[in-house]
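A.B. asks: Task: produce atomic coordinates for the following.
(chains A and B)
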2 protein chains.
Amino acid sequence: MKYKNINKINIYPLNLTIDNIQGESLMDILLHNNIQLPNNCGSRGSCRKCTVKLINGELSSKAKYKEYYLACKAQVLSDVDIELVKYKLIHKNNNIISKNIPFKLDKEGFELKPIVEKKDLVLSPPSEDDKISDQERVASTLDVEYCLSLNLLRKLPEKLRGNNWHVKAIIDHNNNELLNITGNNTNKVYGLAVDIGTTTINTLLVDMQSSEVIDSASCYNSQIACGTDVISRIVYSKKNNGLEKLNSLLLDDLNNLINSVLKNKNIDKKQIYAVSIAANTTMMHLLAKINPESIRFAPYVPVFSEFRTKASELKLNVNKHTNLISFPCVGSYVGGDIVSDILACGMCKDEEIKLLIDLGTNGEIVLGNSDWLMACACSAGPAFEGAGIKCGTRAIDGAIEGFSIKDGFKTVNNSKPVGICGSGMIEIISELFDAGVLDRQGKFKVTNDKNIIEKKNKKAYLLCNKDDSGCGESIFINEQDIENIIRTKGAIFSGVQSLIDYAGIGFDDIDEVIIAGGLGESINFEKAVKLGLFPDISGNKFKYLGNLALKGAYLRLINKDLQEDIEHIKKIINYFDISEDTEYMNRFISSLFIPHTDLNLFSI
Amino acid sequence: MKYKNINKINIYPLNLTIDNIQGESLMDILLHNNIQLPNNCGSRGSCRKCTVKLINGELSSKAKYKEYYLACKAQVLSDVDIELVKYKLIHKNNNIISKNIPFKLDKEGFELKPIVEKKDLVLSPPSEDDKISDQERVASTLDVEYCLSLNLLRKLPEKLRGNNWHVKAIIDHNNNELLNITGNNTNKVYGLAVDIGTTTINTLLVDMQSSEVIDSASCYNSQIACGTDVISRIVYSKKNNGLEKLNSLLLDDLNNLINSVLKNKNIDKKQIYAVSIAANTTMMHLLAKINPESIRFAPYVPVFSEFRTKASELKLNVNKHTNLISFPCVGSYVGGDIVSDILACGMCKDEEIKLLIDLGTNGEIVLGNSDWLMACACSAGPAFEGAGIKCGTRAIDGAIEGFSIKDGFKTVNNSKPVGICGSGMIEIISELFDAGVLDRQGKFKVTNDKNIIEKKNKKAYLLCNKDDSGCGESIFINEQDIENIIRTKGAIFSGVQSLIDYAGIGFDDIDEVIIAGGLGESINFEKAVKLGLFPDISGNKFKYLGNLALKGAYLRLINKDLQEDIEHIKKIINYFDISEDTEYMNRFISSLFIPHTDLNLFSI
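C.D. replies: Below you'll find the model as predicted:
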């Protein structure tokens, strides 16, 4: 879209004038100028969060909504003055990188067989009796038939002779590929484990020799600016340059995280020889810059289940020889992240029937054991990751992770409170309901509690004053937040109901319930059941394992044999499409109460 | 090398002034300005062919040679005026491309199983009951597990849906790779067979469906400007940017040939899905831009025997998905061209003992059968390809290919004579010796023949007057040419002797002698034996099969199963290093007579 006669846009209350007028809609133009409006629906015009007021000039009339205009639909037709309602100023690289991500490093039962290895290579020099080529000499010493890349061949003769035939070989066991030949004084070799969520991105830096995690970093997925859920992102990808934009936002996030851990540990990108990525199907398509549209429409098929490429071909800032290790996508809505979950919790190797619930933006649920697995996904929303909740946050330092009316709140690492993470939200609502502060619909039914306040016309429960908080703002939860959380817990619970029903078993047949996701270590299962998030199963059957997708990505790095387990998972897993379950919508609507419409489902 | 205060070089007798002063030596500067001096030794200063006269200014004194300077060693120290002695003006793309190359298309005994195939692909669209990904859908229909490249995946969804799930798949059976998915109205698929010789480059354009050769082109290898034999080229590669220069000269030649056949047949480069290249070890290194130095020094090992790459990665002007198909190099001096020879003549599949002589610049000799093969190489020089011979030419239209004193000369296709090709040289010298015009050392011993003339102080035999020739010049052979040819035939004959001796057999044990190379169809074996080029074996055991390396490259394209034969050849072949044979040099010196010092070797 070209703007010939439009020179500037004045923006209030920012008192900014912009003249860099690029993009199809007013929203795009603003985003280009680092002003981000809320956009939950992927610019479809349905969430109506991106309203602006027109003070002067002309916007396309079709974008008019009440006394506002929807910026995602508004074309700029002249120089305009506009007033923003809700916005965020973003700066390149400003996506806060958190260094302390919730990750339980539990290598129990997993042998250490790193996928990438640095091997000492002492070659006998060629002689009259031994005239094989340099390449064959290297391959025969390694006792495997490696075919070297052209790049590597070009530097091979100098590397071998310049180091007196004593070099290091970097081997990728997963791809059976010799990645590099380096001099004898080669630095350490590292790997990256990455979990790309719809809302959150997590990265671990791993020493490939010791298999220790030596650094970590996480951030929100900047694609949030283009829609909060995968469907909105797919819608956005159809816009002009939408796919390129989504891809570059994701790549910027990933490379920022990578650069952050590299800088922190003083490591060169050339030392990263393995990248293992767990992500849902849509994220994998956007990472690969592949049109994800077929995921959105029946019969919901992805373009690929797996693909092979160099990480550098995707523009990841690592050694150019490094291969991408990814997890196969089982279906359009059960992606590699779920396969990674299954791998990491080991449910595919056990006779016991386990139920796995991954509380991501896309809530993923898996049921089964070593003989059979059934998976489904439901649109849970990003509430438990802190997004879409006024004072929500990830489970970072200072996040409110627990709460009781008697003792007040508890924060991660007992730091000053900065917001509420998933486990905190569960406890707060559960407690307030138990205490009769909230009714079954999640509305405040008492008004004489000093903590019940009014914030911008919405009733809210105050947890912490501005003065006592660690973020310079008061921390509270309002009725809209509670509604969001109830929708999230309802989606999850109904999904579990549908899957168990489809499998033809009862809640009692489940031997273990594994909870995954970044919602916080200190999750109180009893309170979560009381909220109606999880089925009413004996509390000691619950187990919180944190970010399993990230753990699976990590385990891939340190055990090359896991490829076999993945093949096994691919063979026995079945995808159950919840949208095909006529009961699901009824169940969902019935679940929008605390704990549920049908109180028989809950004994407590 | 930077020339700060040097502004121009005046060149006589060209009356040219050049101001583009780039390069290390005067020779390099001239080459940059499209003026090529003879350079047989790879700028070592040993052939002394690149002499120039200094008229004004200063050249480095170390380059002084008698009253001349050697341009390959001369640094330009001021503005200079120089006079060239011998030079050639070259223009980019001026390397004459000959369209009629000697190639016997004999597919007898070879099944047609093209290495690249265009397959019709009718897919069932995804449905509720069939939700596999696009990639898996394609792969399962082809009944092979193909992993698509990122590039291909990116366009896959549009290709499939845009063509209603009815597309064409281009499959590379050699690499088991799906090269492309294209629309239904796809054009034909072609392949290129290429023989890169030290002196000559030949190309065939092949219709991959019918396996017919539909066009061909050949030219001299422009690297000749950097040395006539492989050793000189390797020496040149050590100069500053020498490797890059050699690589780009070769690539320019190859792409000129490719563009020539494409243009001639109105084909797009995207239609070329297979490139099969037979070349000696040094040429393969230079093509891949890999330092060939280790080939030159004991123990003479190459950097690789085989490598895999996309042809486009080498910068060949074909479809970017196309894989390079190459032949393994058995040793530093027995390259993929010889493996291609063996494959093409079928000696590796026969019980009879055969002797194969490939009369290239590097003369390659193979002895053996289906159980054992022995190969050696000798530096024959480019005489039989027309290079280094005053009126020499390849076996193109009008090349003098036969001669008798009684009937005069015979040319290829009876066209007006343009020069003398290999088979012509053999007959001329053999006839002149038989008739007593030449003595055993190849010097003219009679002077009263009207055809014996003096040309630039050298005695010569005139074959055709300027007025009767097709090239505007008289055609003759002089004593220096004859000396070159005797050295060439001596190198070949001594190589054959050494190899047969090493194998422990006699000439009588040989069932068939196969002659290969571009020296011309009409080779007269009896006269070649009389010259002392070939051993004195019954004439009916000889067989001329033309450019076998090119034929092997062609056969690779049309029969995917030949890879097995190549593996067999690799297993049974042994390389015999002639430089290790203490007898070889004595044999070579004894062979520098017509037919030989030891007349007992020849009954005729």
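
A.B. asks: contacts and neighbour counts: CA atoms only from here.
C.D. replies: OK.

A.B. asks: which bits of chain A sit near chain B?
C.D. replies: A:126-128, A:131-136, A:147-150, A:153-157, A:288-291, A:294, A:298-305, A:307-309, A:331 (CA under 8 Å from any CA of the partner chain).

A.B. asks: The same query, at a cut-off of 7 Å, please.
C.D. replies: Residues of chain A that fall close to chain B, judged by CA under 7 Å from any CA of the partner chain: A:126-128, A:131-136, A:147, A:150, A:153-154, A:157, A:289-291, A:299, A:301-305, A:307, A:309.

A.B. asks: Show the buried residues in those.
C.D. replies: Buried by 16 or more other CA atoms under 10 Å in any protein chain shown: A:126, A:131-136, A:147, A:150, A:153-154, A:157, A:289-291, A:299, A:301-305, A:307, A:309, out of the residues of chain A next to chain B.

A.B. asks: that older thread, so which of the residues of chain A next to chain B belong to helices?
C.D. replies: A:134, A:135, A:136, A:150, A:153, A:154, A:157 (DSSP state H).

A.B. asks: what ranges do the helices span in chain A?
C.D. replies: Using DSSP H, helices in chain A cover A:26-32, A:134-142, A:150-162, A:230-237, A:242-265, A:281-287, A:336-345, A:422-434, A:479-503, A:525-531, A:548-558, A:562-572, A:582-590.

A.B. asks: where's the second one relative to the chain centroid, distance-wise?
C.D. replies: To tie it back to what came earlier, the one meant is helix A:134-142. 42 Å (CA atoms, centre = their mean, to the nearest Å).

A.B. asks: repeat for the longest one
C.D. replies: With CA atoms, centre = their mean as the basis, helix A:479-503 stands 19 Å off its chain's centre.

A.B. asks: Identify all contacting residues around it.
C.D. replies: Here helix A:479-503 makes contact (CA atoms under 7 Å, 6 or more residues apart in numbering or on different chains) with A:363, A:365, A:378-381, A:383, A:389-390, A:442-443, A:458-460, A:506, A:532-535, A:584, A:587-588, A:591-592.

A.B. asks: Generate a ChimeraX selection restricted to the buried entries among those residues.
C.D. replies: If you want just the buried ones from the contacts of helix A:479-503 in ChimeraX, going by 16+ other CA under 10 Å, the selection is:
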select /A:363,365,378,379,380,381,383,389,390,442,443,459,460,532,533,534,535,584,587,588,591,592
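
A.B. asks: coming back round to it: can you add distance to residue B:268 and pLDDT and give the ones in helices among the residues of chain A next to chain B back as a markdown table?
C.D. replies: Formatted as a markdown table, these follow (distance: CA to CA, whole Å; pLDDT from 0 to 100):
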| residue | distance to residue B:268 | pLDDT |
| --- | --- | --- |
| A:134 | 38 | 95 |
| A:135 | 35 | 93 |
| A:136 | 37 | 91 |
| A:150 | 26 | 92 |
| A:153 | 31 | 94 |
| A:154 | 30 | 95 |
| A:157 | 37 | 96 |
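
A.B. asks: Now that residue A:228 has come up, it's in contact with residue A:40, right?
C.D. replies: Yes: between residue A:228 and residue A:40 there is a contact at 4.9 Å, judged by CA atoms under 7 Å.

A.B. asks: so what's residue A:157 up against?
C.D. replies: Contacts of residue A:157 by CA under 7 Å, 6+ apart are A:134, B:303.

A.B. asks: so how far is residue A:134 from it?
C.D. replies: 7 Å (CA to CA, to the nearest Å).

A.B. asks: and what of residue A:53?
C.D. replies: Distance from residue A:53 to residue A:134, by CA to CA: 70 Å.

A.B. asks: Residue A:311 too?
C.D. replies: 27 Å.

A.B. asks: before we move on, what about residue A:334?
C.D. replies: 46 Å.

A.B. asks: what about the closest residue to chain B within the stretch 401-550 of chain A, how many residues close to it?
C.D. replies: Relative to chain B, the nearest point of the stretch 401-550 of chain A is residue A:502 (16.9 Å; CA to the nearest CA). Residue A:502 has 13 neighbours, counted by other CA atoms under 10 Å in any protein chain shown.

A.B. asks: Test for you: state the pLDDT assigned to it.
C.D. replies: pLDDT, residue A:502: 93.

A.B. asks: Check the burial of residue A:14 by counting its neighbours.
C.D. replies: Residue A:14 - counted by other CA under 10 Å - has 10 other residues nearby.

A.B. asks: correction: residue A:61
C.D. replies: 12.

A.B. asks: Nearest residue to it in space, please, no chain neighbours.
C.D. replies: residue A:74 (7.7 Å; CA to CA, 6 or more residues apart in numbering or on different chains).

A.B. asks: Report the separation between that neighbour and chain B.
C.D. replies: 29 Å (CA to the nearest CA, to the nearest Å).

A.B. asks: how about that residue, phi and psi?
C.D. replies: phi -80, psi 120 (degrees, to the nearest 10).

A.B. asks: now do the one 4 residues further on
C.D. replies: The phi and psi values for residue A:78, taken as degrees, to the nearest 10, are phi -160, psi 180.

A.B. asks: I'd guessed it sits against residue A:58; true?
C.D. replies: Yes: under the criterion of CA under 7 Å, residue A:78 makes contact with residue A:58 at 5.5 Å.

A.B. asks: just to revisit the earlier point, who touches both of residue A:157 and residue A:134?
C.D. replies: Common neighbours of residue A:157 and residue A:134 (CA under 7 Å, 6+ apart) are residue B:303.

A.B. asks: ok, residue A:432 - how many residues close by?
C.D. replies: 18.

A.B. asks: Contacts only, for it.
C.D. replies: So residue A:432 contacts residue A:438 (CA under 7 Å, 6+ apart).

A.B. asks: Distance of it relative to residue A:477?
C.D. replies: 11 Å.

A.B. asks: and what of residue A:177?
C.D. replies: Relative to residue A:477, and taking CA to CA, residue A:177 is found at 53 Å.

A.B. asks: the more surrounded of these two?
C.D. replies: residue A:477 (25 against 20).

A.B. asks: Most distant residue from the centre of chain A?
C.D. replies: residue A:128 (58.2 Å; CA atoms, centre = their mean).

A.B. asks: what's the closest non-adjacent residue to it?
C.D. replies: residue B:299 is the one closest to residue A:128 (CA to CA, 6+ apart), at 5.4 Å.
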